[in-house]
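Q: Sequence below, structure please.
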Amino acid sequence: MLRPYTLLSIKMKIAFVVHTFPSLSETFILNQIVGLIQEGHDVDIYAEESEVSDKIHPDVNKYNLTSRTYYQPKIPRNFLLRVAKAVVILLRYLFICPFALFRCLNFVAYGRQASSLRLLYAIVPFIESRTKRYDIMHCHFGNEGVRGVFTREVLKLTAKVVTTFYGYDVNAYPLTYGKNVYLPLFKRGDHYIAISNFIGKEAISLGCPEAKLIKIPLGLDPAEYHFRPRSLPEGELIKIVTVARLVEKKGIEYSIQAVAEVAKKYPHIQYCIAGDGPLRASLEQLIKTLKVEDKVKLLGWKTKDEVQQLYDDSHIFILASVTAANGDKEGQGLVLQEAQSMGLPVIATIHNGFPDSIRDGTSGFLVPERDIPSLAHKLIYLVENPEVWSEMGHAGRTFVEEVFDNQKLTQKLIHVYQLVLDSELEPSRTLACQGTQQPTANSQQ
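A: I've put the predicted structure just below:
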């Protein structure tokens, strides 16, 4: 078991290796960066690209994170252009680190990462920041972990490599690139983190050494989410909400159909969906086909403040996620914690990390994927029994404070870094460190 947390008195230097920064959809990475900075550690970010958006999370500016971010050169899709640009890179850095440049072209050792020239592009920001020395290189998503261990190897860096798996990287990614895609990472990496028990088991099935794996869920700052017990004043509509991108794995079509079914008996409901995506047109057509245009509203993309206002105005949260046709799945479903922290009873599916994310029968309900009758049944129970909303809301808030508080999770992450640096990793029995309940789908009513 891990030892009790002890904070290092020295300041660690940490490199976060990510695909996109800043990214509005990956605030969980931003939260980790901010948490570490607040604890006095020095964090830089190494990203493949920046998100094109006129909206930036306020913490990016508050902590001046753009000045801490190093970007690799953009990789042309056209391979001939990619080669031409690679020649320029080789010429530019030839007299700085010639051996590293040629090592990263060794396709026998580094496979597709070398033959596609992606490894050459990936090491450029580390060459440009070569005066920096890091204690930890924390890679977010498994594919970034592969690049991280290869980068460390070709540049002869001394940083320990920690990789976090989030969901897509252990589900859809291996279906595309093969189940052995992470073997180089598992051979060379120092430690691994999974955000849920399910994801951890998937990583182990792909070859991750269990003794070097721990669960640390995504977190939030409960103080940023105003808790309000839910009740139903006489004559008020029952407001149901979903916050999700409009993509297949979010299962929006199933929650719409469940709400449409419930509305036949209880017309005093309204369902608002905040988010946008490629399925918007098909979902609009579904709403018209079901003749629930007056009940179901697609609100489009909303800011964090707008989403919190939507939570505050609602009574019930629903997230009916499913496994997509390409194998893609959700990770933890952080919106479930957001909703619970504000006092909303939640309904979700038995999907990936969701059984870790709510207390089934206590703060909400879990139902099977694509099971519209079960979704409707649980929704009807909550519609018919508004007196249970407050109790479930309190249970959800307590659960979030106990398990998903960012400050507590930052301490846990720092502790993992300490153990990696001390090389005192013990066989991990902490995948279930928060205690995973067994989903029943039939618990309570």
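Q: His226 is in what secondary structure piece?
A: In this structure, His226 is located outside every helix and strand according to DSSP states H and E.
Q: Was I right to think it contacts Asp313?
A: No. The pair His226 / Asp313 is not scored as a contact, 11.9 Å apart, by Cβ atoms under 8 Å. C-beta here means a position set from N, CA and C on the backbone, and glycine is covered the same way.
Q: wait, isn't Gln308 in contact with His226?
A: Yes. With contact defined as Cβ under 8 Å, Gln308 and His226 form a contacting pair (7.5 Å).
Q: Between the two, which has more neighbouring residues?
A: Gln308 (18 against 12; other Cβ atoms under 10 Å).
Q: who's in contact with that one?
A: Residues counted as contacts of Gln308 (Cβ atoms under 8 Å, 6 or more residues apart in numbering) are 225-226, 338, 342.
Q: Which positions within the helix or strand that contains it qualify as buried?
A: Assigned by DSSP H and E, Gln308 falls within helix 304-313. Neighbour counts using 16 or more other Cβ atoms under 10 Å place 307-308, 310-311 of helix 304-313 among the buried residues.
Q: Over to stretch 126-142?
A: Buried, per 16+ other Cβ under 10 Å, within stretch 126-142: 126-127, 134-142.
Q: Would you check which pair of the residues you listed lies furthest apart?
A: The most widely separated members of these, counting by Cβ to Cβ, are Ile127 and Gly142 (24.0 Å).
Q: Show me the contact partners of stretch 246-255.
A: 242, 244, 271, 273, 275-280, 282-283, 286, 298, 318-325, 328-330, 349, 369-372, 375.
Q: ok, now with 7 Å
A: 242, 244, 273, 275-280, 283, 286, 318, 320-325, 328-330, 349, 370, 372, 375 (Cβ atoms under 7 Å, 6 or more residues apart in numbering).
Q: Now render the buried residues of stretch 126-142 as a markdown table, adding distance to Ser50, pLDDT and secondary structure.
A: A markdown table is the format used below for those (distance: Cβ to Cβ, whole Å; pLDDT from 0 to 100; DSSP: H, G, I helix; E, B strand; the rest coil):
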| residue | distance to Ser50 | pLDDT | secondary structure |
| --- | --- | --- | --- |
| Phe126 | 18 | 96 | helix |
| Ile127 | 19 | 95 | helix |
| Tyr134 | 21 | 96 | coil |
| Asp135 | 26 | 97 | coil |
| Ile136 | 23 | 97 | strand |
| Met137 | 20 | 98 | strand |
| His138 | 19 | 98 | strand |
| Cys139 | 18 | 98 | strand |
| His140 | 15 | 97 | strand |
| Phe141 | 17 | 97 | coil |
| Gly142 | 22 | 97 | helix |
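Q: pLDDT value on Lys295, please?
A: The model reports Lys295 with a pLDDT of 97.
Q: swap that for Arg429, please
A: Per the predicted model, pLDDT is 43 at Arg429.
Q: I'd like the distance between the residue nearest to Glu202 when sequence neighbours are not counted and Asp42.
A: Sequence neighbours aside, Val170 is the residue nearest to Glu202 in space, at 4.0 Å (criterion: Cβ to Cβ, 6 or more residues apart in numbering). Distance of Val170 to Asp42, given as Cβ to Cβ, to the nearest Å: 30 Å.
Q: Please identify which of these two sits among more neighbours.
A: Between Val170 and Asp42, counting by other Cβ under 10 Å, Val170 is the more crowded of the two (26 against 15).
Q: Contacts only, for the more buried one.
A: Contacts of Val170 (Cβ under 7 Å, 6+ apart): 142, 199, 202-203, 206.
Q: could you say what helices and strands the top helix by length along the chain packs with?
A: Across the chain, the longest stretch assigned as helix under DSSP state H is helix 406-422. Where contact means 3 or more Cβ pairs under 7 Å, 6 or more residues apart in numbering; DSSP states H and E, helix 406-422 is packed against helix 27-38, strand 160-165.
Q: And the strands in the stretch 251-400 of the chain, which stretches?
A: Ranges of strands in the stretch 251-400 of the chain, per DSSP state E, counting those that start in this stretch, are 269-274, 296-300, 316-319, 346-349, 364-367.
Q: Tell me which residues are up against the last one.
A: Spelled out, it's strand 364-367. Taking Cβ under 7 Å, 6+ apart as the rule, strand 364-367 contacts 345-350, 354-355, 358, 360, 374-375, 378, 392, 396, 439, 441.
Q: Just the buried residues from the residues you listed, in ChimeraX please.
A: With 16+ other Cβ under 10 Å as the criterion, this ChimeraX line picks the buried residues out of these:
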select :345,346,347,348,349,350,354,355,358,360,374,375,378,392,396,439
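Q: Show me where the protein dips below the pLDDT cut-off.
A: 1-9, 424-445 (pLDDT under 70).
Q: Return the residues in contact with the residue nearest to the spatial centre of it.
A: By Cα atoms, centre = their mean, the mean C-alpha position of the chain lies nearest to Tyr166, the distance being 5.3 Å. Tyr166 makes contacts with 141, 195, 331, as judged by Cβ under 7 Å, 6+ apart.
Q: Ignoring the adjacent residues along the chain, who's closest to it?
A: The nearest residue in space to Tyr166 (Cβ to Cβ, 6+ apart) is Gly331, at 4.5 Å.
Q: how close does the residue nearest to Asp356 when sequence neighbours are not counted sit to Ala84?
A: Among residues not flanking Asp356 along the chain, Ser196 sits closest, at 4.7 Å (Cβ to Cβ, 6+ apart). Relative to Ala84, Ser196 is positioned 43 Å away (Cβ to Cβ).
Q: can you check Ala47 too?
A: From Ala47 to Ala84 the distance is 23 Å (Cβ to Cβ).
Q: Who has more neighbours out of those two?
A: Using other Cβ under 10 Å, the more surrounded residue of Ala47 and Ala84 is Ala47, with 20 against 11.
Q: Just give the closest residue to the more buried one, not the sequence neighbours.
A: Phe21 (4.0 Å).
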